[in-house]
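J.: this one's sequence-less:
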């Protein structure tokens, strides 16, 4: 069964949830973030691993104010199944914009809503600031996928109901034919019996 893979990833009205949900209201404001990877290692090793992860296109953060943990991918098509294994573009991971910091950008789905996270991390302290905004383009793409998924499910349901209807119709026809055949046999038997009595 592929039911989990076919489940919609977004809610029907992403914009409304983004604007009315308390969590999104908090995350829209610039909030302190902290790198959470390899917490059992030394600060020097964590700094190296953080930079390596960013250059590979991924990292882990916690948003301090809400306790939200994020595992982000810094690539344009982070939602695609067939990701290309190559360094992220500078638009998504920028080590050169500001000395000692890396500026990051990531698309992802949070609680059924398409969002864009942007922020920066100090490469020595491993903390920084970031916020999310509603991702209009991604939301439109996901809405189309959602509508297509709903239509496919409805079509499969209609096809199933039609098969059930035809199957029921076929069963009723078979039953009628059997009943008619039995009635003819009874009628024929009655005539045979009657003819036998008459001959006596």
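T.: Cool, the structure landed. Quick caveat: nothing in here was measured; it's all calculated off a predicted structure.

J.: And for residue 35, the neighbour number?
T.: As a burial measure, residue 35 scores 23 neighbours (other CB atoms under 10 Å). All C-beta spots, glycine's among them, are computed from the backbone N, C-alpha and C.

J.: and if you look at residue 130?
T.: Counted with other CB under 10 Å, the burial measure for residue 130 works out to 22 neighbours.

J.: if you skip the residues just before and after it, what's nearest to it?
T.: residue 119 (2.2 Å; CB to CB, 6 or more residues apart in numbering).

J.: Let's verify the one you found: helix, strand, or coil?
T.: strand (DSSP: H, G, I helix; E, B strand; the rest coil).

J.: and residue 155, what helix or strand is that in?
T.: When secondary structure is defined using DSSP states H and E, the element that contains residue 155 is helix 136-199.

J.: pLDDT on that helix, on average?
T.: Rounded to a whole number, the mean pLDDT of helix 136-199 is 75.

J.: ditto for stretch 60-79
T.: In this model, stretch 60-79 carries a mean pLDDT of 86.

J.: Centre of the chain to that stretch, how far?
T.: Relative to the centre of its chain, stretch 60-79 is centred 17 Å away, using CA atoms, centre = their mean, to the nearest Å.

J.: Which elements pack onto the helix holding residue 155?
T.: helix 14-20, strand 101-110, strand 113-122 (3 or more CB pairs under 8 Å, 6 or more residues apart in numbering; DSSP states H and E).

J.: Would you format the ones you listed as CSV with mean neighbour count and distance to residue 42 included?
T.: As requested, the helices and strands packed on helix 136-199 are exported to CSV (neighbours: other CB atoms under 10 Å; distance: least, CB to CB, whole Å):
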stretch, mean neighbour count, distance to residue 42
helix 14-20, 16, 39
strand 101-110, 20, 20
strand 113-122, 20, 17
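
J.: Ok, which of those comes nearest residue 150?
T.: When these are ranked by proximity to residue 150, the top entry is helix 14-20, at 14.8 Å, counting by CB to CB.

J.: for that closest one, packing partners?
T.: For helix 14-20, the helices and strands in contact under the criterion 3+ CB pairs under 8 Å, 6+ apart are strand 113-122, strand 127-134, helix 136-199.
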